[in-house]
Each structure stands twice: as C-alpha cells, then as structure tokens.
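K.L.:
predicted model, plus sequence, below.
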Amino acid sequence: MQLLDGKLVSEKIKQDIAAEAAEFLASNGRKPHLVAILVGHDGGSETYVASKMRNCKQVGFDSTNIRYEDDISQEELIQKIEELNQDDRIDGLIVQLPLPKHIDPEKITEAIDYRKDVDGFHPINLGRMQRNLPCFIPATPYGILLMLDHYMIQTTGMHAVVVGRSNIVGSPMSILLARNTQPGNCTVTLTHSRTKNVKEEVLRADLIIAAIGKKNFITADMVKEGAVVIDVGINREVSTLTKSGYKLYGDVDFESVAPKASYITPVPGGVGLMTIVGLLKNTLAAAKHAIY
Ligand code: GUN
C-alpha cells in the first residue's frame, strides 16, 4: 500500500503556483485576487474559508473574505455578486456553501460571472467540462486528478466507482473520470443514497472515490484487493484530544481498508489539501485569462 500524500504533493504544486504568481505580479503590477463570500457562522465553512485565505497569502495571491450574517437576502447577495463581477481587480469569486435555506444556491451559482467562477460550479463551466473544453474544474475533483497524475496512476480502463452524487464532488468527478483523458478513460459507476446495493457496486471498483459525507462508510469488506482509494470525507467530530477541539474522520475506514488498497489517501492530509491546490490553480488561470 502506498499513501497518497496530500501534504507533499500540495506543497510541491504550491511552489510552482507561487513562482507563477510572482511572474504575474512582475508583468501586471498586481497579484492574482480571490474573493470568498461567507454567509453565516457554519464551523466547517469558517475553517475552509480561513484556510483558502491563508493559502492564497502563502502563494502570493491577494484574498478578500466578505462576510454576511445569515439573514442577508438573496437579492442583496446577488447584487453584491454582480458588483464583484464588474470589478477588474478581482479574478476569482466564490460563495462558500452551504447557504441558509432562504437562499437558492442555484441562483447564486448562476449569478457569478462564469469567467470568475473558480469553483467551477456554473452551468457553463460544467457543460464545457463535460465536452472537454477549457473551463474551471471544481476544486476537489481537480485536486484528485492532480493527485492521480502526480503518482502516475494509470486510470485508463479502470472501473471507477464514485460514492455520492453531490454537485461539488461526486457528480463532476464521475464526468471527469469518464472523459477521454489521462487521468480518466474509466468506466464509471455513480452510486448514491438510492443505489440498491452499494457494497456490491464498490466491490467491483479498481478506483473508489468516497464522497458521501459519512464517517468510515467504506469498510474493508466493500473493497477489492489492490483498489485505489480516494477519501473525500471531512467529517468533523468534537474531540478533547486535539488542539482545534475537533477530530476529522474520512468516509473510508482507513485502518481496515488500507491493507487492501494499492494506494490510499489519508484524512487529514489527503484530498482536503489538494482541493486548495485546485482552487489556487483555477484562480491563477482566471488572473492570466488562460481559460476565458
Ligand atoms: N462547500 C464545500 N466545498 C466547497 C467548495 O469547494 N466551494 C464552495 N464554494 N463551497 C464549498
């Protein structure tokens, strides 16, 4: 079993991004700039946005976090997005999800200019992704592709089983793995809460993408010997044992699954760090107008 080391790979790619950001600054007189809007006080979201801001700084980007209380109206939020869309000093714009119930995430996603949509959630980016056209790829699936690429894992012909059909991870991941590219060229099964026998499906997988949001959901009895296991889960539980007061659990029962896997990502230290890299790469591409 080989560990897919998100720390190692993300730090290496961030060095390359930092070098490109320095070049961008030298030729444009400003840094790439990411704006993240955060509504409310969800603990997970606060942590993720703080990490995004910190990582921007680390690679030499500007970053701005705009915060609203959770009683902001949908109209007000859209108005702010439209204002930011027009601002030439902003390259990337993301709205952290989930949003409060009275705000429709689809309306918010579509309000963001697709050329600044570094989350890759806008239908234009999604459609272009499916067609293999230049686009912003959602950060987590993008990070996973970068990880598979770094370790030169040949996915062509593999049977990939994606567990979870979210707009953010499972659904785009299934599209990306089916594309005629490397990493890609997989035969893809997308399983979800209505799948009849998830265990039976996952047992067929050469490549497992666990993105279901349930602690230790994938157990050893569901995994074929030699499978590549990618754990997207970030399940937070209160703990007195850690400095942060939380302990993170993946969607994969690492202890039992690792001995059967050929490659596996740890949690923490795996996909989470690669997600940040995906976002940074998209922001740099937006600043350079490399895609649009
Ligand atoms: N919530 C969980 N993951 C993400 C993400 O990648 N982007 C945004 N905007 N919200 C999220």
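P.N.:
Great, that's in hand.

K.L.:
so is the closest residue to the ligand within the chain in a helix, a strand, or just coil?
P.N.:
Here the chain gets closest to the ligand at one residue, L97, 3.8 Å apart by CB to the nearest ligand atom. Using the backbone N, CA and C atoms, a C-beta is placed for each residue, glycine as well. Assigned by DSSP: H, G, I helix; E, B strand; the rest coil, the conformation of L97 is coil.

K.L.:
show me what contacts the nearest residue to K31 once chain neighbours are set aside?
P.N.:
Residue nearest to K31 in three dimensions, not counting chain neighbours: D62, with 4.6 Å by CB to CB, 6 or more residues apart in numbering. Counting by CB atoms under 8 Å, 6 or more residues apart in numbering, D62 touches 30-34, 56.

K.L.:
what's the answer for G164, then?
P.N.:
Taking CB under 8 Å, 6+ apart, we find G164 in contact with 170, 191-192, 209-213, 232, 251.

K.L.:
buried only: go through those for me.
P.N.:
The neighbour-count criterion (16 or more other CB atoms under 10 Å) marks 170, 191, 209-213, 232, 251 among those as buried.

K.L.:
what are the ranges of the strands in the chain?
P.N.:
Along the chain, the segments classed as strands by DSSP state E run 2-3, 33-39, 62-68, 92-95, 159-163, 187-191, 207-210, 228-231, 235-238, 246-249, 263-264.

K.L.:
now, of those, which is deepest in the fold?
P.N.:
Highest mean neighbour count of the strands of the chain: strand 207-210, a mean of 28 (counted as mean count of other CB atoms under 10 Å).

K.L.:
so which elements touch it?
P.N.:
Counting by 3 or more CB pairs under 8 Å, 6 or more residues apart in numbering; DSSP states H and E, the packing neighbours recorded for strand 207-210 are strand 159-163, helix 170-178, strand 228-231.
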